[in-house]
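Colleague: Build me a model from this:
(2 chains)
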Amino acid sequence: MIDLKLLEKKPENGTSYYDEYKQGLLNRGASLETLEKIMTLATRRRETMSQAEAEKARQNKLSAEVGQLKREGKDASSVLTHVEQLKHQVKELEAIAADVDNEVQSLLLVIPNKPHASVPVGSSEKENKVVSAVGEPPKFSFKAKEHFDIGEKLGIVDFDRAGKTTGARFSFLKGAAAQMERSLIQLMMDVHSRDHGYTEMIPPFIVNSKSLIGTGQFPKFKEDVFGLSGTDYYLIPTAEVPVTNYYYDETLAESDLPKSFCAYSPCFRSEAGSYGKDTKGLIRQHQFNKVELMTFCHPTKSSEVHEQLTSHAERILTMLELPYRKMLLCTADMGFGAAKTYDLEVWLPGQNAYREISSCSNFEDFQARRANIRFKPADGGKPQFVHTLNGSGLAVGRTLVALLENGQREDGSVAIPKALQSYMGGKTEIR
RNA sequence: GGAAAGCUGGUAGAGCGGUUGAAUACACCAGUCUUGAAAACUGGCAGCCCUUCGCGGGGCUCGAGGGUUCGAAUCCCUCGCUUUCCGCCA
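Modeller: I've put the predicted structure just below:
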């Protein structure tokens, strides 16, 4: 959420937060309509609030007088009739003020975060910047297959039967694929908790709507998540939701920061609006596993933490000997709540392309303001919003895809990278 | 699923429908004292919002939302959560 106070702040030396934010919206390719509506309503909000509060103050004063008179055993009836009239007037004014305020608040929930100054301005994903490329795409003496061909031939992934039990975009992993998926989760959780200092977490896989508002999925992207009918429960689209909302409505001590968690969870996405995209294989499923990295930190530290967190995700790719590149997303390609995002894209020989396997974002105070997560400065100042960051470390299903495609051999078998072998009972290949 | 009890500031814990945004204790911060620390003493200590250049003034918040009342932490309703008991279950 954007700070309404900042938006309304008068320009200083010719520039204002409002102007910067407006430019940010334009850079994202977003419309200014909602912002303009907010600004108009904000003025009305202040007017109606002041008026209602002034009348309420009069009422409170008179009510106190009634109490005083009654205690003294005096007659309060004249004050009483007066305040009785006021009561209805106050009620009306308060209702109007509340309406306007609610409208402003709900509009504030649907405008995106302001891009960080270091984010390249662009109009499509084509303008994302390659920050670095690590590892060499493997050369094959045969035509590289896609993971679903490899997996089905080995009998370790089954989409058809998942179609029977459930529907499209679901799958069974069997045998070595199931074992590899499980081993990957284990490896990622081990590395992040042991080497990178994250506290392991297994969150609830179901959350309420409040949490989804907190992290920014709601109200705007409601159709992207699965809800449980007749309840206020939703399947999590990412562990980011429960983990970020872990500190919902809390004020931490400055000395508590940073707080870092690595969380394993399955993720559920309706994939509304992605008809026809990646319809085959494991790339885009309604359910997938992910290990998520999440940090709550001091506002002055978030840029630094963002770099670290991204490097932690990269570490898994290098351990697994997977070629990848690190992209800095341009303004047009960033998610709703992000101020800055790095995507890690893994090389998929079967697709002859780099595909996203991790997305690491700095949300600054956007989510913290929504979820009201603050810290009390050590110097005794007012509580401030923390900064939140998260990134996939990594998307497990897509990691399996990458391992199958990069490790494939002409005879249909698949090599297992060294780092994973001990997790798979010493297996060096799948055949 | 059924029954009962509860939900108050960082924590514990008071609170007759009328100066109670809230006693008290602990924690915390600052100061005095001390070579230093502890102890003792003194003072401070909720957040959000409106208004003001500032001092300040005002509104809201005692799980959430409604209601009764001139006035609600206190009475009523709905919901949520916690705890205990019963049932069921991994």
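Colleague: residues near residue A:217, how many?
Modeller: 23 (other C-beta atoms under 10 Å). In this view, the C-beta of every residue, glycine as well, is placed from N, C-alpha and C.
Colleague: could you pull out the helices for the stretch 301-431 of chain A?
Modeller: Using DSSP state H, counting those that start in this stretch, the helices found in the stretch 301-431 of chain A span residues A:302-319, A:366-371, A:396-406, A:418-421.
Colleague: tell me what the longest one is packed against?
Modeller: Using 3 or more C-beta pairs under 8 Å, 6 or more residues apart in numbering; DSSP states H and E as the contact criterion, the secondary-structure elements in contact with helix A:302-319 are strand A:129-134, helix A:175-194, strand A:287-297, strand A:324-328, strand A:340-348, strand A:353-364, strand A:387-395.
Colleague: Mind listing what's buried along the second one?
Modeller: Of the residues in helix A:175-194, those buried under the neighbour-count criterion (16 or more other C-beta atoms under 10 Å) are A:176-177, A:179-181, A:183-185, A:187-189, A:191-193.
Colleague: Show me which residues of chain A are close to RNA strand B?
Modeller: A:4-5, A:46, A:49-50, A:53-54, A:56-57, A:59-64, A:66-68, A:70-71, A:80, A:83-84, A:87, A:251, A:376, A:380, A:382-383 (C-beta under 7 Å from any atom of the strand).
Colleague: what about the strands in the stretch 151-300 of chain A?
Modeller: Remark: strands assigned in the stretch 151-300 of chain A by DSSP state E, counting those that start in this stretch are A:157-158, A:172-173, A:199-201, A:206-208, A:233-235, A:251-253, A:259-268, A:287-297.
Colleague: list the contacts for the residue nearest to residue A:195 when sequence neighbours are not counted?
Modeller: Leaving aside its chain neighbours, residue A:195 sits nearest to residue A:315 (7.6 Å; criterion: C-beta to C-beta, 6 or more residues apart in numbering). The neighbours of residue A:315, taking C-beta atoms under 8 Å, 6 or more residues apart in numbering as the test, are A:191, A:195-196.
Colleague: Which other helices and strands does the lengthiest helix in chain A contact?
Modeller: Looking across chain A with DSSP state H, the single longest helix is helix A:33-71. Contact here means 3+ C-beta pairs under 8 Å, 6+ apart; on that basis helix A:33-71 packs against helix A:4-8, helix A:17-28, helix A:77-108.
Colleague: Mind listing what's buried along the longest one?
Modeller: Taking 16+ other C-beta under 10 Å as the basis for neighbour counts, the residues of helix A:77-108 that come out buried are A:79, A:83, A:86, A:90, A:93-94, A:96-97, A:100-101, A:104, A:107-108.
Colleague: So what touches stretch A:114-129?
Modeller: Stretch A:114-129 is contacted by residues A:2, A:20-21, A:24, A:27-29, A:303, A:327-334, A:339-340, A:343, A:362, A:364 when judged by C-beta under 8 Å, 6+ apart.
Colleague: which of these count as buried?
Modeller: A:2, A:21, A:24, A:27-28, A:303, A:327-334, A:339-340, A:343, A:362, A:364.
Colleague: First-to-last residue distance for stretch A:216-236?
Modeller: Stretch A:216-236 stretches 13 Å from its first residue to its last (C-alpha to C-alpha, to the nearest Å).
Colleague: Just the buried positions in it, please.
Modeller: A:216-218, A:221, A:224-227, A:234-236.
Colleague: How about stretch A:400-416?
Modeller: By neighbour count on 16+ other C-beta under 10 Å, the buried set for stretch A:400-416 is A:400-408, A:414-416.
Colleague: Could I get the CA-only coordinates of it as CSV?
Modeller: The C-alpha trace of stretch A:400-416 is given here as CSV (Å, rounded to 0.1, in the frame of the first residue of the first chain):
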residue,chain,number,x,y,z
LEU,A,400,13.1,-31.0,-11.5
VAL,A,401,12.3,-30.0,-15.0
ALA,A,402,15.7,-28.3,-15.4
LEU,A,403,17.5,-31.3,-14.0
LEU,A,404,15.7,-33.7,-16.3
GLU,A,405,16.4,-31.5,-19.4
ASN,A,406,20.0,-30.6,-18.5
GLY,A,407,21.0,-34.0,-17.4
GLN,A,408,19.4,-35.9,-20.2
ARG,A,409,21.5,-38.4,-22.3
GLU,A,410,20.9,-39.8,-25.7
ASP,A,411,19.8,-43.2,-24.3
GLY,A,412,17.0,-41.5,-22.4
SER,A,413,18.7,-41.8,-19.0
VAL,A,414,19.3,-38.7,-16.8
ALA,A,415,22.4,-37.8,-14.8
ILE,A,416,21.9,-36.6,-11.3
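Colleague: what does the helix or strand of chain A with the lowest mean pLDDT contact?
Modeller: Least confident helix or strand of chain A, by mean pLDDT, DSSP states H and E, is strand A:251-253 with a mean of 86. For strand A:251-253, contacts defined as C-beta under 8 Å, 6+ apart pick out A:259, A:296, A:373-376, A:378, A:383, A:386.
Colleague: and if we set it to 10 Å?
Modeller: Here strand A:251-253 makes contact (C-beta atoms under 10 Å, 6 or more residues apart in numbering) with A:259, A:296, A:372-378, A:383-384, A:386.
Colleague: That one - which strands sit beside it in the sheet, and in what orientation?
Modeller: Sheet pairing for strand A:251-253, assigned by DSSP bridges, gives strand A:374-376 (parallel).
Colleague: Now do the strand it pairs with: everything it contacts.
Modeller: For strand A:374-376, contacts defined as C-beta under 10 Å, 6+ apart pick out A:247, A:249-257, A:259, A:296-299, A:365, A:368, A:382-387.
Colleague: Tell me how many other residues surround the nearest residue to residue A:7 once chain neighbours are set aside.
Modeller: Nearest non-adjacent residue to residue A:7, counting by C-beta to C-beta, 6+ apart: residue A:18, 5.2 Å away. Residue A:18 has 17 neighbouring residues, counting by other C-beta under 10 Å.
Colleague: right, and residue A:18 touches residue A:9 too?
Modeller: Yes. Using C-beta atoms under 10 Å, residue A:18 is in contact with residue A:9, at 7.4 Å.
Colleague: Can you list the buried residues in stretch A:131-141?
Modeller: For stretch A:131-141, by 16+ other C-beta under 10 Å, it's residue A:135.
Colleague: Make JSON lines out of the buried residues of helix A:77-108 and add pLDDT.
Modeller: Shown next, in JSON lines, are the buried residues of helix A:77-108 (pLDDT from 0 to 100):
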{"residue": "A:79", "pLDDT": "87"}
{"residue": "A:83", "pLDDT": "89"}
{"residue": "A:86", "pLDDT": "89"}
{"residue": "A:90", "pLDDT": "91"}
{"residue": "A:93", "pLDDT": "92"}
{"residue": "A:94", "pLDDT": "92"}
{"residue": "A:96", "pLDDT": "92"}
{"residue": "A:97", "pLDDT": "91"}
{"residue": "A:100", "pLDDT": "93"}
{"residue": "A:101", "pLDDT": "92"}
{"residue": "A:104", "pLDDT": "94"}
{"residue": "A:107", "pLDDT": "94"}
{"residue": "A:108", "pLDDT": "95"}
